[in-house]
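K.L.:
Structural data only, the sequence is not supplied:
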């Protein structure tokens, strides 16, 4: 494969952080979760970074860490749900690797996210907290904004219709062919 890094993109809870390490193990590569790497560098949780420094600061750190990871070979990287919104990030990814979109519906995302409180972009700071309709609305709105970026992927796989093992096998075969 000419490209040295496989990037997994998709909405929050699409399976990037679950499929990524299994896929890396299957193909004998290393795995990195972009958000976890940012947390290590900042020594703070993503939620805390958002609260203390704001989204703009977080996005700058995201680009810095992405640049570092893109210099590696034989690497699977789980991107954050909003990483592709940045044109600079898209350029880094296009130059250094293969982009794979893990798809899920808004309803599946809602079901996977409804009890999580570690997603700062979805968790309001006020009385809306826990409101099912607001969470569904935010998921739909964010997906609508981000779908244009996810659709730029080289390949896409639906994470709803198959189990994790099937998805990993399909992507692993793809990596080995390229």
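P.N.:
On my side now, so go ahead. Quick caveat, the model's predicted, so the values are computed rather than measured. Numbering: from 1, shown residues only.
K.L.:
Please count neighbours and contacts with C-alpha atoms only from this point.
P.N.:
OK.
K.L.:
pLDDT on stretch 86-101, on average?
P.N.:
For stretch 86-101, the mean pLDDT works out to 96.
K.L.:
Please disregard the earlier target; I meant stretch 145-152.
P.N.:
93.
K.L.:
Pull up the pairing partners for the longest strand seen in the chain, direction included.
P.N.:
The residue-count maximum for a strand in the chain (DSSP state E) belongs to strand 97-103. Here strand 97-103 is paired, per DSSP bridges, with strand 5-9 (parallel), strand 155-158 (parallel).
K.L.:
Distance from the chain centre to that strand, please.
P.N.:
Taking CA atoms, centre = their mean, to the nearest Å, one finds strand 97-103 lying 9 Å from the centre of the chain it belongs to.
K.L.:
residues of it that come out buried?
P.N.:
Within strand 97-103, the residues scored as buried using 16 or more other CA atoms under 10 Å are 97, 98, 99, 100, 101, 102, 103.
K.L.:
OK, contacts around the last one?
P.N.:
Under the criterion of CA atoms under 8 Å, 6 or more residues apart in numbering, the contact partners of residue 103 comprise 10, 11, 14, 156, 157, 158, 159, 160.
K.L.:
How about it: which residues does it bridge to?
P.N.:
residue 158.
K.L.:
Relative to residue 151, how far out is it?
P.N.:
10 Å (CA to CA, to the nearest Å).
K.L.:
returning to what we had before: following the chain onward from the longest strand of the chain, which element is next?
P.N.:
helix 106-113 (DSSP states H and E).
K.L.:
Show me the contact partners of the helix or strand following that next one.
P.N.:
Downstream of helix 106-113, the next assigned helix or strand under DSSP H and E is helix 132-150. Helix 132-150 is contacted from outside by 9-11, 82, 84-85, 101, 106-107, 109-110, 114, 122, 128, using CA under 8 Å, 6+ apart.
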